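J.: Using only what follows, build the 3D model:
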Amino acid sequence: MKQTAYELLALLDRNLRESVDLFRQLAECPGQRSDVLTPLSNEVQYVRAQAGFEVTAEASDFEQEQATHWSRIHHKHEMWLKDPDDVFLDAEERDEQRKKQGLRPRIVILPWSAEEEEKLLAVKRAQAAKTRKARRKRASSPKAIVERRKK
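T.: Reported below is the predicted structural model:
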């Protein structure tokens, strides 16, 4: 079985800590030069800390990339599950919160009726037809024809 970087780092860390303890014990032995062994112990501590930093920095970058990748997939799935009409419920809920805070509503949700919708569409169609008719009339006026010939 292949070990992960975290497992190997933990093993390295444990062994280097044991080495530091051995240096300390060795420095305490009679006749040993602690002024030489203590700096060597500090070097081992530095190597342990640097190795931990390097491995976790690389692992952190990898984990960040993984988190970003899976966050996008999760968001797409959430959007796929979400009902488009939920925005109306969210808006009503937010308006209720604003009322409780004493703020005025930001939106007004009008009751919907098919007849009213048809009336609005008929008015829009009539306005569009009137606009088209006025454009055609202006385009075929003698003044517009003279202007086009000049260009």
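J.: the domain parsing of this protein - what is it?
T.: With domains defined by automatic domain parsing, the chain comprises 5-83, 111-150.
J.: Quick check: mean pLDDT of the shortest one?
T.: Right, the one you point to is domain 111-150. In this model, domain 111-150 has a mean pLDDT of 81.
J.: repeat for the longest one
T.: The average pLDDT for domain 5-83 rounds to 90.
J.: How far off centre is it?
T.: Taking C-alpha atoms, centre = their mean, to the nearest Å, one finds the center of domain 5-83 at 28 Å from the center of the full chain.
J.: follow-up on the earlier one: out of the domains of the chain, which is the most enclosed?
T.: Using mean count of other C-beta atoms under 10 Å, the stretch among the domains of the chain with the largest mean neighbour count is domain 5-83, at a mean of 12. Using the backbone N, CA and C atoms, a C-beta is placed for each residue, glycine as well.
J.: circling back to that earlier point, I'd like the domains of the chain written out as CSV, with distance to P105 added.
T.: As requested, those are exported to CSV (distance: least, C-beta to C-beta, whole Å):
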stretch, distance to P105
domain 5-83, 23
domain 111-150, 15
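J.: out of those, nearest to D90?
T.: The closest of the domains of the chain to D90 is domain 5-83. By C-beta to C-beta, the value is 10.2 Å.
J.: For E92, find the nearest of the domains of the chain.
T.: So among those, domain 111-150 is nearest, using C-beta to C-beta, at 12.9 Å.
J.: CA atoms only for stretch 50-59 - export them in PDB, please.
T.: The C-alpha trace of stretch 50-59 is given here as PDB (Å, rounded to 0.1, in the frame of the first residue of the first chain):
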ATOM      1  CA  GLN A  50      11.200  23.300   7.000                       C
ATOM      2  CA  ALA A  51      10.100  19.800   5.700                       C
ATOM      3  CA  GLY A  52       6.700  20.200   7.400                       C
ATOM      4  CA  PHE A  53       6.300  23.600   5.900                       C
ATOM      5  CA  GLU A  54       7.200  22.500   2.300                       C
ATOM      6  CA  VAL A  55       5.100  19.400   2.400                       C
ATOM      7  CA  THR A  56       2.000  21.100   3.900                       C
ATOM      8  CA  ALA A  57       2.400  24.100   1.500                       C
ATOM      9  CA  GLU A  58       2.300  21.700  -1.500                       C
ATOM     10  CA  ALA A  59      -0.500  19.700   0.000                       C
END
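J.: Cool, thanks, talk later.
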